[in-house]
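# Sequence plus predicted model, see below.
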Amino acid sequence: MQEMSRSFDDGASKVLRRRVATINETRYVIAELAEAGAYMISVGHRVEGALDIERLSTCFAEVVGRHEALRTGFAISGTAVEARVHSARNFGFKHILV
């Protein structure tokens, strides 16, 4: 891997800790650099009934807060991939009313 400096964790909050990325995390970053992007899979759900956007947003924030993997971003430092675990993660969701 050529030496470069690139971050995959834009928009994230304070970094709680840094560590060397695992082999699988490194593969993910290399796939993103190659624009293969097969790691991310979009998911949609159809929900019927009343939608409380504020409550849904609160639930998502709770899930992200409990799962470190959802708060981990990546950066390349020299030739190594570094995993950065954040205190919180900005996220968004889209909803369509049909």
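Cool, got the structure.
# worst-scoring helix or strand of this protein, pLDDT-wise?
Lowest on mean pLDDT, DSSP states H and E among the helices and strands of the chain sits strand 4-7, with a mean of 46.
# which other residues reach the helix or strand following that one?
Once the chain leaves strand 4-7, the next helix or strand it forms, by DSSP states H and E, is strand 15-20. Here strand 15-20 makes contact (C-beta atoms under 8 Å, 6 or more residues apart in numbering) with 80-87. No exception for glycine: its C-beta is placed from N, CA and C like everyone else's.
# Among these, name the ones in strands.
Among the contacts of strand 15-20, DSSP state E puts 80-86 in strands.
# ChimeraX command to pick out the buried ones of these?
Buried residues among the ones in strands among the contacts of strand 15-20 (16 or more other C-beta atoms under 10 Å), as a ChimeraX selection:
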select :81,82,83,84,85,86
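# ok, so of the ones in strands among the contacts of strand 15-20, who is nearest Tyr28?
Val81 (8.7 Å; C-beta to C-beta).
# what's the residue of the chain positioned farthest from its centre in contact with, if anything?
Going by C-alpha atoms, centre = their mean, the residue of the chain most distant from its centre is Gly49, 29.1 Å out. Going by C-beta under 8 Å, 6+ apart, Gly49 touches no other residue.
# Then Ala21?
Here Ala21 is in contact with 29, 74, 80-83 (C-beta under 8 Å, 6+ apart).
# What's the separation between the spatially most central residue of the chain and Gly49?
The residue lying closest to the centre of the chain (C-alpha atoms, centre = their mean) is Leu70, at 5.3 Å. Separation of Leu70 from Gly49 (C-beta to C-beta, to the nearest Å): 26 Å.
# now swap in Gly73 and tell me
For Gly73 relative to Gly49 (C-beta to C-beta), the value is 35 Å.
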